[in-house]
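**Student:** how would this look folded up:
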Amino acid sequence: MNTPPLKLLLSGFAHRTWGPRIAAAVPSGGLAFVTAEEAVADRGLCDADIAFMTREVTGKSSKDNPTPELRDFEIVLRRAPRLRWLQIHPAGAERPIYRELRDRGVKVTTASGATAVTVSHSALGAVIALNRRFPLLADAQRRHAWEPRLGERAPRDLKGQCAVIVGLGPIGRNIAVLLKALGMKVIGARRSPDPVEPCDRTIVYDRLGEVLPQADWLILCCPASPLTRGIANAAALAEMPVGGHFVNVARGEIAVERDVIAALASGHLTGAYLDVFENEPLDPASPLWDMPNVIVSPHTASHSLGQNEAIFEIFLDNLARWREGRDLRNDVDGLG
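**Tutor:** Numbering: from 1, shown residues only. Coordinates of the predicted model:
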């Protein structure tokens, strides 16, 4: 008796881009494709066993403004009763659809690690840019103002400064390596206090307040969870030394945005790099746009030309694991 081919749901773009390579990774006749566009045309019904949600599906969606492409893909996922595994492109799985699917018994795997280097480079660039006062220099340039950073206006040396990194997954660990190379002290916060190289010290999230008085830099790169939502609030920021800096490459809801704005406006925080926001796109009326000591990044810290390929390689590896009955990489329900 012949075994029916495994049926994979993906976008038309992903099929055109990676279809031949996916097919080549599976014995002939072992895999069939169905595109989301085809399924939508068939009233959203789909008999896929597995699915790959690539970046162009989310396109320009934000958590508050899904595009038609994303809405259609989610409709198809909900109408795919045979679905057993979904590979997604982000490192986090916070969208409600992922919880829905997991409650149905569908495995959801992320692309954690695929963007770790890119995001850590963005964070490193932000630390250097803010410390060297690049945003203020750019502001002076726009005003045609010659304003040397001399005397009390001179930047502090990064060597010897302390960074508290909240979240020690692949991104947080990469950031720690880069900051240690600059001679900085690094304290990491995570769910477990077990030591993590190359951090000088590791604490659990609920002890963050104990180390914030040392934090010249507070860097968020953790998942959104009940333990982390709102962790960067007015009380936490007030614990930091006057003149500290704030970097958020995690999720907007990890920080209380009005509290960050207040700390920047008062001068308690000297500067910030913000890649994520409570509501996206950021409201044009937000004061963050006009603060010369703030770098506003439109949720793009992870983007690079090579990112899609790195995500695809994780999918290919997981596809082989799925076919062989092995544990999948970055299984959301298998993470500690």
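
**Student:** what stretches of the stretch 201-336 of the chain score poorly on pLDDT?
**Tutor:** 335-336 (pLDDT under 70).

**Student:** What are the boundaries of the strands in it?
**Tutor:** 201-204, 217-220, 244-248, 269-274, 294-296 (DSSP state E, counting those that start in this stretch).

**Student:** would CSV of the ones you listed with distance to Ala91 and mean neighbour count be doable?
**Tutor:** All C-beta atoms are positioned from the backbone trio N, CA, C, and that covers glycine. Below are those laid out as CSV (distance: least, CB to CB, whole Å; neighbours: other CB atoms under 10 Å):
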stretch, distance to Ala91, mean neighbour count
strand 201-204, 20, 16
strand 217-220, 14, 27
strand 244-248, 15, 25
strand 269-274, 18, 23
strand 294-296, 21, 19
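
**Student:** Export those strands to JSON lines and append columns for distance to Gly113.
**Tutor:** Formatted as JSON lines, those follow (distance: least, CB to CB, whole Å):
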{"stretch": "strand 201-204", "distance to Gly113": "20"}
{"stretch": "strand 217-220", "distance to Gly113": "18"}
{"stretch": "strand 244-248", "distance to Gly113": "20"}
{"stretch": "strand 269-274", "distance to Gly113": "22"}
{"stretch": "strand 294-296", "distance to Gly113": "25"}
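
**Student:** and the gap between Val76 and Ala129?
**Tutor:** According to CB to CB, to the nearest Å, Val76 and Ala129 sit 42 Å apart.

**Student:** Compare these two (neighbour count), which wins?
**Tutor:** Val76 (23 against 16; other CB atoms under 10 Å).

**Student:** Can you tell me which helices and strands the helix or strand containing that one packs against?
**Tutor:** Remark: Val76 resides in helix 68-78, with elements defined by DSSP states H and E. Contacts defined by 3 or more CB pairs under 8 Å, 6 or more residues apart in numbering; DSSP states H and E place helix 68-78 against helix 36-41, helix 55-58, helix 96-103.

**Student:** Compare these and report which one is nearest to Glu309.
**Tutor:** Glu309 sits nearest to helix 55-58 of all the helices and strands packed on helix 68-78, at 11.3 Å, using CB to CB.

**Student:** got a list of contacts for stretch 217-227?
**Tutor:** The contact list for stretch 217-227 (CB atoms under 8 Å, 6 or more residues apart in numbering) reads 92, 94, 119, 123, 127, 161-167, 169, 171-172, 175, 184, 189-191, 205-206, 212, 228, 231-232, 236-237, 240, 244-251, 253-255.

**Student:** again, but for stretch 228-238
**Tutor:** 166-167, 205, 208-209, 212, 218, 220, 222, 244, 246, 248, 250, 253-256, 259-260, 262-263, 268-269.
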